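*Asks:* Please work out how this folds:
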Amino acid sequence: QAQLVESGGGLVQAGGSLRLSCAASGSIFSINAMGWHRQAPGKQRELVADITSGGSTNYADSVKGRFAISRDNAKNTVYLQMSSLKPEDTAVYYCNARGLVTTARVMKDYWGQGTQVTVSS
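*Replies:* Numbers count the residues shown, from 1 in each chain. Got it, this is the predicted structure:
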């Protein structure tokens, strides 16, 4: 089994920055991809960014040039540096580990509990 724990959310003014962190813990053998999704009130959950174990990244068009995802494979931790934040970035941000393989060689996807990001205008 594994768990994802997020941190770093909060309230920030438009134009400001925040850094989210997500650490995976437990009996982990490997993780294929880690990423961040977000869900605003009344909207569907959407991909923000993800990164493979090899470092390949993928971003939603709405955050390109403003957000940067990175990963520390040794720590099973993924980060999301968010800059030039806009009110429309307000959402609950969820960490995701895709293709996490435990030491028992069981593979499944995991989600964190979510962290609130609020951007005031």
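*Asks:* and the residue of the chain positioned farthest from its centre, backbone torsions?
*Replies:* Residue farthest from the centre of the chain, counting by Cα atoms, centre = their mean, is residue 104 at 25.1 Å. Main-chain dihedrals, residue 104, degrees, to the nearest 10: phi -90, psi 10.
*Asks:* How about residue 74?
*Replies:* Note on residue 74: its backbone torsions stand at phi -70, psi -30 [degrees, to the nearest 10].
*Asks:* So it versus residue 81, what's the distance?
*Replies:* Noted for residue 74: a distance of 19 Å to residue 81, by Cβ to Cβ, to the nearest Å. C-betas here are computed from N, CA, C, even on glycine.
*Asks:* So these two - more neighbours on which side?
*Replies:* Between residue 74 and residue 81, residue 81 has the larger neighbour count (other Cβ atoms under 10 Å), namely 14 against 6.
*Asks:* So which residue is smack in the middle of the protein?
*Replies:* Among the residues of the chain, the one closest to the centroid is residue 36, at 2.7 Å (Cα atoms, centre = their mean).
*Asks:* Grab the nearest non-local neighbour of that one.
*Replies:* residue 48 (4.4 Å; Cβ to Cβ, 6 or more residues apart in numbering).
*Asks:* I'd assumed residue 67 was in contact with the one you found.
*Replies:* Yes. Between residue 48 and residue 67 there is a contact under Cβ atoms under 8 Å: 6.7 Å.
*Asks:* coming back round to it: run through the residues that contact the closest residue to the residue farthest from the centre of the chain other than its chain neighbours.
*Replies:* Distances taken as Cβ to Cβ, 6+ apart put residue 27 closest to residue 104, at 6.8 Å, once the chain neighbours are dropped. Going by Cβ atoms under 8 Å, 6 or more residues apart in numbering, residue 27 touches 1-2, 102-104.
*Asks:* Among the residues you listed, which one lies nearest to residue 55?
*Replies:* residue 2 (21.2 Å; Cβ to Cβ).
*Asks:* just to revisit the earlier point, reformat the contacts of residue 27 as JSON lines; add secondary structure, distance to residue 42 and pLDDT.
*Replies:* Output for those, formatted as JSON lines (DSSP: H, G, I helix; E, B strand; the rest coil; distance: Cβ to Cβ, whole Å; pLDDT from 0 to 100):
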{"residue": "1", "secondary structure": "coil", "distance to residue 42": "33", "pLDDT": "88"}
{"residue": "2", "secondary structure": "strand", "distance to residue 42": "31", "pLDDT": "94"}
{"residue": "102", "secondary structure": "strand", "distance to residue 42": "36", "pLDDT": "91"}
{"residue": "103", "secondary structure": "coil", "distance to residue 42": "40", "pLDDT": "89"}
{"residue": "104", "secondary structure": "coil", "distance to residue 42": "40", "pLDDT": "89"}
